[in-house]
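A.B. asks: starting from these lines, generate the structure:
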Amino acid sequence: MKRIIHRLPVVSLLAWGLLSCGSHDPKKQPAPASDKPVIKDSGRVIQFPPDSLTLSYFKTEPVTKSDLNALLTAPARVVATVVKSIDNSGQNLVLFDNADLTANYTELLQHIINIRQKAGIIQQKQAIVNQKKIEVARFQDLADHGAGTGKDVSDAKTDLISAQTDMEIAETDLSNEKTSIIEHESRLKMAGFDPQALVHSPLNKVWIICDMPENQVNKVKEGGSCSLVFTSYPNETITGTIEDIGEVVDNITRMVKLRIGVTDKQNQLRAGMFATVKFGVNEGNSLSVPKAALVTVQGQNYVFVKNADNTFARKTVLQGPQVNDRIIIYNGLQEGDMVVTDGAMQLKGISFGY
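C.D. replies: From the prediction side, this is the model:
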């Protein structure tokens, strides 16, 4: 019994020693992989570890090149309608939504009447001058053959000079009328009207003016068709024709006026009515990306392109117009580039340090 008692402490000590050694030399566990991205080139390149779970969050779509058709809309209003004149059956009456335009158009008509009258007066004056020249020649011939006197020739020349002076005054009056009419024509043109079209406007003609941004004007053509929906008739669509594209860009709004003609056979449109104009435009064969791929920082547009090595490259792009849910890209990308759609805003924050 004593031997057994003496061996127990030795066994216990040995066991304790083994356990103690094991506790001081544990097996080392590998450190977990980091999901944090590596940012390079001042945020232009973002690299994730290949096994990062974060990578699955980012969705991409390829940059495509296709023929895009868009529906361009613009606000508009009825600015003039043509109705039958009660007092003058030979001239239709144009009703404007603007008192200044009415005054300019009225002055235009008056100047046209004055020009016709003065042109007729000049013809009469010219006939008198021609007659006076004949009389001077006749009196001169009589005087040369002793059948007339010098006084007769002098009086005839005086009458000729007087007739020529009258004709010159009439020509000056005509010139002044033509100068005055230019002012009113210019004001009407600035408002989007063709003065001659107004003068010879057919019955039931309606003109609509819409303002279009200068960077969109090249997408519509004179003679092209458009559709209009009026606030007063929201369930009806009326087809119009683009008659004229303005020659002046507004210095403040950067808008160009388009004149659209409509024949209102039902006589339901009134000057001052509002409408929405829709133009079908073709953007051509262009590169485009989904709208969600584009991010903007301080007025500059960017997209993020995913590369094969788990990196995302920030690309500066030149943006074109939006067509439906896609944005046309003029410069900065190539067809087939994989742009980030889902997660683009998160990459924006990482790239720019937000």
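A.B. asks: could you use CA atoms for every contact and neighbour count after this?
C.D. replies: OK.
A.B. asks: quick one: the helices in the stretch 151-300 of the chain?
C.D. replies: In the stretch 151-300 of the chain, the helices defined using DSSP state H, counting those that start in this stretch lie at 195-199.
A.B. asks: can you pull out the strands in it?
C.D. replies: In order along the chain, the stretch 151-300 of the chain carries the following strands (DSSP state E, counting those that start in this stretch): 205-213, 225-230, 233-249, 255-263, 274-290, 295-297, 300-306.
A.B. asks: just so I know, which of those strands lies nearest L72?
C.D. replies: Between L72 and the strands of the stretch 151-300 of the chain, the shortest gap by CA to CA is with strand 274-290, which sits at 5.0 Å.
A.B. asks: against which helices or strands is the closest one packed?
C.D. replies: Judged by 3 or more CA pairs under 8 Å, 6 or more residues apart in numbering; DSSP states H and E, strand 274-290 is in contact with strand 60-62, strand 64-83, strand 225-230, strand 326-331.
A.B. asks: OK, contacts around A143?
C.D. replies: Contact analysis of A143 by CA atoms under 8 Å, 6 or more residues apart in numbering lists T149, G150, V153.
A.B. asks: could I get these as JSON lines with distance to G349, pLDDT and neighbour count?
C.D. replies: Rendered in JSON lines, the data for these read as follows (distance: CA to CA, whole Å; pLDDT from 0 to 100; neighbours: other CA atoms under 10 Å):
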{"residue": "T149", "distance to G349": "108", "pLDDT": "89", "neighbour count": "14"}
{"residue": "G150", "distance to G349": "105", "pLDDT": "89", "neighbour count": "14"}
{"residue": "V153", "distance to G349": "101", "pLDDT": "93", "neighbour count": "20"}
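A.B. asks: quick check, nearest of those to R116?
C.D. replies: Lowest distance from R116 to the contacts of A143 (CA to CA) belongs to V153, with 35.1 Å.
A.B. asks: the closest residue to that closest one other than its chain neighbours sits in which helix or strand?
C.D. replies: Distances taken as CA to CA, 6 or more residues apart in numbering place F139 nearest to V153, at 5.2 Å, with adjacent residues excluded. Element membership for F139, per DSSP states H and E: helix 99-144.
A.B. asks: still on that earlier bit, would you turn the contacts of A143 into a markdown table with distance to L228?
C.D. replies: As requested, the contacts of A143 are arranged in a markdown table below (distance: CA to CA, whole Å):
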| residue | distance to L228 |
| --- | --- |
| T149 | 80 |
| G150 | 78 |
| V153 | 73 |
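A.B. asks: average pLDDT for stretch 244-255?
C.D. replies: Model confidence over stretch 244-255 averages 90 on the pLDDT scale.
A.B. asks: contact partners of that stretch?
C.D. replies: The set of residues that contact stretch 244-255 without belonging to it, under CA under 8 Å, 6+ apart, is 189-190, 192, 211-214, 217, 221-222, 256-260.
A.B. asks: now the end-to-end length of it.
C.D. replies: Start-to-end span of stretch 244-255 (CA to CA, to the nearest Å) is 14 Å.
A.B. asks: what stretches of the stretch 51-200 of the chain score poorly on pLDDT?
C.D. replies: Residue ranges of the stretch 51-200 of the chain with pLDDT under 70: 88-89.
A.B. asks: follow-up on the earlier one: quick check, nearest of the contacts of stretch 244-255 to F96?
C.D. replies: Here the nearest of these to F96, counting by CA to CA, is G192; it sits at 12.4 Å.
A.B. asks: number of residues surrounding that closest one?
C.D. replies: When counting by other CA atoms under 10 Å, one arrives at 26 neighbours for G192.
A.B. asks: and it, how far from V249?
C.D. replies: Going from G192 to V249 by CA to CA gives 11 Å.
A.B. asks: what's the closest of the contacts of A143 to N130?
C.D. replies: V153 (15.7 Å).
A.B. asks: so that closest one sits against K132, correct?
C.D. replies: No. At 11.0 Å, V153 and K132 do not qualify as touching, with contact defined as CA atoms under 8 Å.
A.B. asks: hang on, T263 packs against I208?
C.D. replies: No. Using CA under 8 Å as the test, T263 is too far from I208 to be in contact (11.0 Å).
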